[in-house]
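1. Only the shape, not the letters, is given here:
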């Protein structure tokens with residue numbers, strides 16, 4: 001069967017979107033690739049072509065970049081694991097539509113509407129080693145010897161930031177899980193109860209398999225949030241102490257806008273983009289295998 005020929009006028013309807021995409025997505029991506037192989041300070045008319053030397057330096061001699069790359073992956077993994085786990089647990093507890101559960105859902109969702117900088121300032125107070133909420137609570141219960149410098153200790157600072165990120169968005173992911181749980185027919189659980197299945201058996205054989213598509217969505221969205229945590233990290237530690245919380249987003253900002261090394265910053269951006277694509281490709285392949 002032959003399809004009717006499309007009128008040239010029809011392409012005018014997609015022209016505004018195509019122009020917007022080309023101007024704000026395609027063109028910046030092409031220019032990023034171009035500048036990544038140059039040595040440029042961002043304002044000088046002289047742009048010196050250096051080939052792949054920027055990338056070679058990043059992976060061979062740039063210890064700061066390698067540390068930031070490792071921090072980015074570690075931060076992402078901790079956030080994805082904890083946020084997926086806690087959002088699922090909260091959703092299981094608050095899945096029923098009662099006044100109490102709806103009020104609690106609203107309470108847990110509330111941090112999501114705050115700005116990243118606001119959340120960072122709140123948790124700066126909570127983590128303060130002298131009068132912060134956590135250490136003051138430990139002091140009041142008699143644990144005077146257990147009062148760590150949460151953001152000043154390189155061994156735990158990154159994980160403290162990850163916990164803040166989880167608190168920031170766990171309510172949002174909980175709502176997605178609640179929607180997924182409410183799509184599962186109640187008759188399935190009733191039939192399982194008649195067959196003598198316990199709570200764990202229902203979760204393992206019914207709830208979790210049927211929630212896999214929702215879990216894929218939650219993990220993908222959480223991964224993207226962790227990669228975009230620049231405002232949170234910058235408002236709390238600016239990459240310190242000793243680079244322990246330096247992630248690629250903050251390093252790119254420092255390299256390009258503070259040190260005026262646009263060529264090196266764009267090379268870092270290209271690697272960051274490839275990292276994001278690789279992580280999402282792995283997640284997609286794993287999800288495809290899981291739902292089979």
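-> That came through fine. Every value quoted in this text rests on a predicted model; they were computed, and no experiment measured them. Numbers count the residues shown, from 1 in each chain.

2. any residues touching stretch 209-226, and which ones?
-> Stretch 209-226 is touched from outside by 75-76, 79-80, 83-84, 87-88, 165, 169, 173, 176-177, 179-181, 184, 276, 279-280, 283, 287, 290-291, with contacts defined as Cβ atoms under 8 Å, 6 or more residues apart in numbering. Using the backbone N, CA and C atoms, a C-beta is placed for each residue, glycine as well.

3. Now do stretch 265-275, average pLDDT.
-> For stretch 265-275, mean pLDDT is 96.

4. Give me the three-state assignment for residue 246.
-> What DSSP: H, G, I helix; E, B strand; the rest coil gives for residue 246 is coil.

5. Repeat that for the one 10 residues further on.
-> Three-state secondary structure (criterion: three-state DSSP) places residue 256 in helix.

6. number of nearby residues for it?
-> The tally of other residues near residue 256 (other Cβ atoms under 10 Å) stands at 20.

7. Kindly report the same for the one 10 residues further on.
-> Taking other Cβ under 10 Å as the criterion, the count of residues near residue 266 is 24.

8. Against residue 212, how distant is it?
-> 38 Å (Cβ to Cβ, to the nearest Å).

9. got it, and residue 163?
-> Shown here: residue 163 relative to residue 212, a distance of 26 Å by Cβ to Cβ.

10. Same check on residue 136?
-> 42 Å.

11. Of the contacts of stretch 209-226, select the buried ones using a PyMOL command.
-> Buried subset of these, written as a PyMOL selection, criterion 16 or more other Cβ atoms under 10 Å:
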select buried, resi 75+76+79+80+83+84+87+88+165+169+173+176+177+180+181+276+279+287
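
12. From the contacts of stretch 209-226, which land in helices?
-> Residues from the contacts of stretch 209-226 lying in helices, with DSSP state H as the criterion: 75-76, 79-80, 83-84, 87-88, 165, 169, 173, 176-177, 179-181, 276, 279-280, 283, 287, 290.

13. Could you list the low-pLDDT ranges of the stretch 1-150 of the chain?
-> 1-6 (pLDDT under 70).

14. need the helices for the protein, in chain order.
-> Taking DSSP H as the criterion, the chain carries its helices at 11-21, 27-35, 53-60, 63-93, 99-109, 116-127, 133-140, 157-182, 186-194, 199-202, 208-227, 230-236, 248-253, 262-290.

15. Residue 42: which of these is closest?
-> The minimum distance between residue 42 and the helices of the chain falls on helix 262-290, with 4.1 Å, by Cβ to Cβ.

16. Which strands or helices does that closest one pack on?
-> Identification of packing neighbours for helix 262-290 by 3 or more Cβ pairs under 8 Å, 6 or more residues apart in numbering; DSSP states H and E yields helix 27-35, strand 38-39, helix 53-60, helix 63-93, helix 208-227, helix 248-253.

17. Just put those in TSV and tack on distance to residue 201.
-> Written out in TSV, the entries for those read as follows (distance: least, Cβ to Cβ, whole Å):
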stretch	distance to residue 201
helix 27-35	49
strand 38-39	61
helix 53-60	49
helix 63-93	15
helix 208-227	11
helix 248-253	43
